[in-house]
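1. no sequence on this one, just coordinates:
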């Protein structure tokens, strides 16, 4: 005799079971031999409220244990880490990324509409690549390149502040697994963060801080003298003249490249002012070659080359 599906069986069909989490390098930690526990249907997703597989691990020595907070479907919809909910490509809050790419959040907020929407998107993600769901995420953006971290920020994995130490009552000393330092000022905007605001890209204090930093970033206006077509390239390290030429030729025809090894700098002179302006705009405060962020300024020729003061 065939048995009918109960409501509980129907609901379980929409629960998520995964073999590996979707994490950023910072949350994963620097230990290549990390141990991770897996609990099937161990928690409700903090966005869609569906039970999902929870992973828990310690990202490194004297770091706090971390776990996945949202399901993989919600993570892939926004291309974010399941734990910190920061963008996987740039390591930035969703609010910053969406503002830079001029994206709008179309995820429904009501429970019924949200459940229906996520079920449909889950089927679409199963049929196609996650990046194809929102093609704008793959578009290069100058603002995101300037704000993005170039290396993992493991300091974010530190333990929480010891509440007993704050009250002067901690007796563990160096064996205490929590931090013994002054806690964050409760009036500091960064002390008021929550997962839903970060996921939906609204009222995120970290995003507000980064957007203000972007607005205050210095610019590189072209000099009034139209005959100047030379750029000063500093902080070269071990980069060679060929490395400089190979990168800067894409912006226009180069007349000469002068390398000054003692000062670890170079001067790139273009044949046209338009090419020099394009190179300055594309590289200022965002060019990384050989693992070093290069200094870009306008230069002038007066016997030897010299950088123009901003």
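-> Perfect, I can see it now. Given the structure is predicted, the values throughout are model-derived calculations rather than measurements.
2. can you count the residues close to residue 152?
-> 17 (other CB atoms under 10 Å). In this view, the C-beta of every residue, glycine as well, is placed from N, C-alpha and C.
3. check contacts around it.
-> Taking CB atoms under 8 Å, 6 or more residues apart in numbering, we find residue 152 in contact with 24-26, 30.
4. Quick one, which of those residues are buried?
-> Among these, those classed as buried by neighbour count (16 or more other CB atoms under 10 Å) are 24-26.
5. Tell me where the stretch 151-300 of the chain has strands.
-> Residue ranges of the strands in the stretch 151-300 of the chain, as given by DSSP state E, counting those that start in this stretch, are 230-234, 254-260, 265-270, 288-289, 292-293, 295-301.
6. Residue 118: which of those is closest?
-> Closest of those to residue 118 is strand 288-289, at 37.1 Å (criterion: CB to CB).
7. how far does that closest one sit from the chain's center?
-> Mean-position distance between strand 288-289 and its chain equals 18 Å (CA atoms, centre = their mean, to the nearest Å).
8. so where is the protein shaky, pLDDT-wise?
-> By pLDDT under 70, the low-scoring segments of the chain are 1-13, 128-139, 301-310.
9. what are the ranges of the helices in it?
-> Remark: helices of the chain, listed N- to C-terminal, are 7-12, 25-28, 72-78, 94-101, 111-127, 130-133, 142-147, 163-166, 195-200, 205-215, 241-248, 273-283; assignment by DSSP state H.
10. I would like the residues contacting the last one, please.
-> It stands for helix 273-283. Helix 273-283 is contacted from outside by 142, 220, 222, 226-231, 248, 251-253, 268, 270, 294, 296, 298, using CB under 8 Å, 6+ apart.
11. For burial, what's the neighbour tally of residue 37?
-> Other residues within reach of residue 37, judged by other CB under 10 Å, total 11.
12. check contacts around the closest residue to it other than its chain neighbours.
-> Taking CB to CB, 6 or more residues apart in numbering, and ignoring the residues beside it in sequence, residue 37 has residue 56 as its nearest neighbour in space, at 4.8 Å. Taking CB under 8 Å, 6+ apart as the criterion, residue 56 is in contact with 36-37, 39, 65-68.
13. Swap in 10 Å and give it another go.
-> Shown here is residue 56, whose contacts under the criterion CB atoms under 10 Å, 6 or more residues apart in numbering are 21, 35-39, 42, 65-68.
14. buried subset of those?
-> Once neighbours are counted (16+ other CB under 10 Å), the buried part of the contacts of residue 56 comes down to 21, 38, 66-68.
15. Return the residues in contact with residue 105.
-> Contacts for residue 105 (CB under 10 Å, 6+ apart) come out as 78, 94-95, 98, 199-202.
16. swap the cut-off to 7 Å and go again
-> Contacts here follow CB atoms under 7 Å, 6 or more residues apart in numbering; on that basis residue 105 touches 98, 200-201.
17. and if you look at residue 157?
-> Going by CB under 7 Å, 6+ apart, residue 157 touches 29, 59-60, 63-64, 66.
18. Dump these into CSV; add distance to residue 237 as well.
-> Formatted as CSV, the contacts of residue 157 follow (distance: CB to CB, whole Å):
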residue, distance to residue 237
29, 28
59, 30
60, 29
63, 31
64, 36
66, 35
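19. could you flag which of those are buried?
-> With neighbours counted using 16+ other CB under 10 Å, those contain these buried positions: 29, 59, 63, 66.
20. so the second one touches residue 65, yeah?
-> No: the pair residue 59 and residue 65 does not pass the contact test of CB atoms under 7 Å, sitting 8.4 Å apart.
21. hang on, the earlier thing: of the strands of the stretch 151-300 of the chain, which is nearest residue 48?
-> Within these, the stretch nearest residue 48 is strand 288-289; the backing value is 37.2 Å (CB to CB).
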